[in-house]
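Visitor: Fold the following, please.
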Amino acid sequence: MTKNFSRGIHVNHRKEATHAFPIQKAALPARVVLPLQQNLGVPAEAIVKVGDLVAEWQKIADSSKFISAPIHAPIAGKVTRIEKLPAPSGVMTPSVVIEADGEAPAVPPPERGNPWQEMGRDEIRKAVREAGIVGLGGATFPTHVKLNPPSDKKIDAVIINGCECEPYLTVDDRLMVERTRDILSGAGAIAKAAGAVRILFGIEKNKPGAIRAVAEEAAKEGLSQVEVCSLNTKYPQGGEKMLIKAILGREVPSGGLPMDVGVVVHNVGTSLAIAEALERGKPLIERVVTVSGSGVREPKNLLVRIGTSFAEVIEQCGGITEDALKVVMGGPMTGTAVSSLDVPVVKATSGILVFTEKEVRSFAEGSCIRCGRCIRACPTGLMPNFLADFAKFKNWERVEEYHVADCIECGCCTYVCPARIFLVQHFKVAKRELQLRKAVCQ
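Guide: Next up is the predicted model:
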């Protein structure tokens with residue numbers, strides 16, 4: 001029986017353009033731009049200077065703070081600039097620019113090559129941290145932090161998130177089919193570091209090839225602790241709280257984290273990156289990106305070096321059509337529209353979607369008609385209509401009282417709203433305001 005969660009919505013998944021096409025390796029860029037804020041938490045600080053020659057894989061930025069992750073050079077070359085440059089978020093962000101240089105040193109030899117089975121829990125966490133690995137599902141939370149739960153939080157289950165419920169995106173689907181063994185290896189390392197005894201793969205049933213590949217490989221390797229869970233195809237099935245509820249029947253409390261119910265959740269891409277870091281010493285310098293949408297001539301799944309420009313990636317997919325109008329990083333439900341193709345691929349870039357004039361529509365906000373659709377759709381059980389009213393009138397106390405912090409910004413409420421109210425945008429503003437107010441009080 002397929003598993004499910006309450007509420008949510010059904011969307012047109014539009015994955016047919018890339019789901020059956022194998023991952024291709026993108027051309028090596030001659031220039032990369034590396035924003036120093038590529039994780040949720042404290043940004044890294046440059047540890048190189050302009051004029052330095054750096055090797056591929058070399059660490060070029062780091063932080064002494066716990067909730068942070070280092071950044072490594074995706075190519076060998078010379079550091080030509082360290083200054084604020086546009087990031088995909090639209091914010092001018094301190095960045096390191098590296099240009100290919102024939103005098104740059106070669107790729108350094110791997111520092112590690114031992115199987116994770118021979119490593120201690122702290123050793124695994126340290127290696128993951130040094131590799132700069134963050135959550136590759138889009139949240140970019142530093143992975144080593146998740147692998148190091150407090151002593152009073154006993155983790156018994158690891159969930160590997162293979163839902164990929166966002167429309168268009170097929171990165172995780174292809175990785176589970178093509179890199180199954182490595183993903184299972186990374187999952188084993190995650191379980192060991194977290195102290196868990198069960199590994200559960202959550203995969204939506206619209207990915208039968210991935211479900212079959214993971215189940216068969218786990219059986220072949222004799223991994224009795226691995227269970228593959230077929231989930232209903234519904235958005236946002238891949239949300240951590242939804243996934244935990246659907247698979248284990250556990251409910252993360254308001255304001256709580258998965259570890260509060262004995263679970264850690266990691267994306268399949270993160271699991272692969274961990275395997276590569278532990279077995280090859282490879283840092284996170286590249287990721288698979290789905291390039292799709294009706295505005296792209298040749299949709300593909302490309303393995304792209306971090307720091308490559310969107311323009312260069314799209315050019316390797318035949319370029320954009322004449323009627324292309326909007327480019328989004330990530331999925332259409334939670335992604336970010338970019339204002340220029342000169343911005344770089346970052347660790348959070350799961351997709352580059354190009355939409356045409358026919359698909360892009362502008363709406364003027366209407367007035368709430370109290371239909372209740374947003375309440376019925378909200379997967380976390382909030383009341384988006386009231387939250388939006390409180391946010392508009394800057395009633396921050398009421399916004400907090402109605403648990404805006406529990407909003408996962410999935411966009412379900414905005415999607416179903418007949419008045420076209422930009423609900424998620426109001427919640428983002430409210431969250432930011434509450435953060436600023438708390439910072440002032442501290």
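
Visitor: all contacts plus neighbour counts: C-alpha atoms, from now on.
Guide: Fine.

Visitor: just checking, what packs against the longest helix seen in the chain?
Guide: When the chain is parsed with DSSP state H, its longest helix is helix 423-441. If contacts are counted by 3 or more C-alpha pairs under 8 Å, 6 or more residues apart in numbering; DSSP states H and E, helix 423-441 sits against helix 384-392, helix 396-401, helix 412-416.

Visitor: Out of these, which gets nearest to L434?
Guide: L434 lies closest to helix 396-401 among the helices and strands packed on helix 423-441, at 7.0 Å (C-alpha to C-alpha).

Visitor: picking up where we left off before, now the longest helix of the chain and helix 384-392, what's the angle there?
Guide: 50 degrees (axes from the mean of the first three to the mean of the last three C-alpha atoms, to 10 degrees).

Visitor: Show me what the mean pLDDT comes to for helix 423-441.
Guide: Taken as a whole, helix 423-441 carries a mean pLDDT of 90.

Visitor: And for stretch 89-99?
Guide: The model assigns stretch 89-99 a mean pLDDT of 96.

Visitor: again with stretch 15-28
Guide: For stretch 15-28, the per-residue pLDDT averages 96.

Visitor: Repeat that for stretch 186-197.
Guide: 96.

Visitor: Okay, buried residues for that stretch please.
Guide: Buried residues in stretch 186-197, counted by 16 or more other C-alpha atoms under 10 Å: 186-196.

Visitor: buried residues in the longest helix of the chain?
Guide: 423-424, 426-428, 430-431, 434.

Visitor: for the spatially most central residue of the chain, helix, strand, or coil?
Guide: With distances taken as C-alpha atoms, centre = their mean, G138 lies nearest the centre of the chain, 1.7 Å away. Three-state assignment for G138 (DSSP: H, G, I helix; E, B strand; the rest coil): coil.

Visitor: need the contact list for R305.
Guide: R305 is in contact with 26, 28-29, 74, 285-287, 345, counting by C-alpha atoms under 8 Å, 6 or more residues apart in numbering.

Visitor: Which of those sits closest to N267?
Guide: For the contacts of R305, the residue nearest N267 by C-alpha to C-alpha is R287; the value is 12.6 Å.

Visitor: strands paired with whichever strand or helix holds that closest one, and their directions?
Guide: In this assignment (DSSP states H and E), R287 forms part of strand 286-292. Sheet pairing for strand 286-292, assigned by DSSP bridges, gives strand 300-305 (antiparallel), strand 351-356 (parallel).

Visitor: and for the last one, what are the contacting residues?
Guide: Strand 351-356 has contacts (C-alpha under 8 Å, 6+ apart) with 168-169, 289-296, 310, 320-321, 323-332.

Visitor: Need the three-state assignment for the closest residue to G120 other than its chain neighbours.
Guide: Of all residues not flanking G120 in the chain, A193 sits nearest, at 7.8 Å (C-alpha to C-alpha, 6 or more residues apart in numbering). At A193 the chain is in helix, as set by three-state DSSP.

Visitor: So A193 is in contact with R121, correct?
Guide: Yes. A193 is in contact with R121 according to C-alpha atoms under 8 Å; the separation is 4.5 Å.

Visitor: Can you tell me the SS state at I369?
Guide: coil.

Visitor: So it is in contact with A419, correct?
Guide: Yes. The criterion here is C-alpha under 8 Å, and I369 meets it with A419 at 7.3 Å.

Visitor: So which of these two has more stuff around it?
Guide: A419 (16 against 10; other C-alpha atoms under 10 Å).

Visitor: does the closest residue to the more buried one other than its chain neighbours sit in a helix, a strand or a coil?
Guide: In this structure, A419 finds its nearest non-sequential neighbour in G366, 4.7 Å apart by C-alpha to C-alpha, 6+ apart. Classification of G366 using three-state DSSP returns coil.

Visitor: For G366, grab phi and psi.
Guide: Main-chain torsions, G366, degrees, to the nearest 10: phi -100, psi -170.

Visitor: Now list the buried members of the contacts of strand 351-356.
Guide: For the contacts of strand 351-356, buried by 16+ other C-alpha under 10 Å: 168-169, 289-296, 310, 320, 324, 326-332.

Visitor: First-to-last residue distance for stretch 316-334?
Guide: Distance between the two ends of stretch 316-334: 25 Å, counting by C-alpha to C-alpha, to the nearest Å.

Visitor: Would you confirm that M259 contacts D156?
Guide: No. Applying C-alpha under 8 Å, one finds M259 not in contact with D156, separated by 9.4 Å.

Visitor: Looking at those two, which is more packed in?
Guide: Neighbours were counted for M259 and for D156 using other C-alpha under 10 Å; M259 has more, 21 against 17.

Visitor: So the more buried one versus V399, what's the distance?
Guide: Applying C-alpha to C-alpha, the value for M259 to V399 is 26 Å.

Visitor: Over to P74?
Guide: 43 Å.

Visitor: neighbour-wise, which of these two wins?
Guide: Higher neighbour count among P74 and V399: P74, with 28 against 21, using other C-alpha under 10 Å.

Visitor: what pLDDT does the closest residue to that one other than its chain neighbours get?
Guide: Of all residues not flanking P74 in the chain, I285 sits nearest, at 4.9 Å (C-alpha to C-alpha, 6+ apart). Note on I285: pLDDT of 98.
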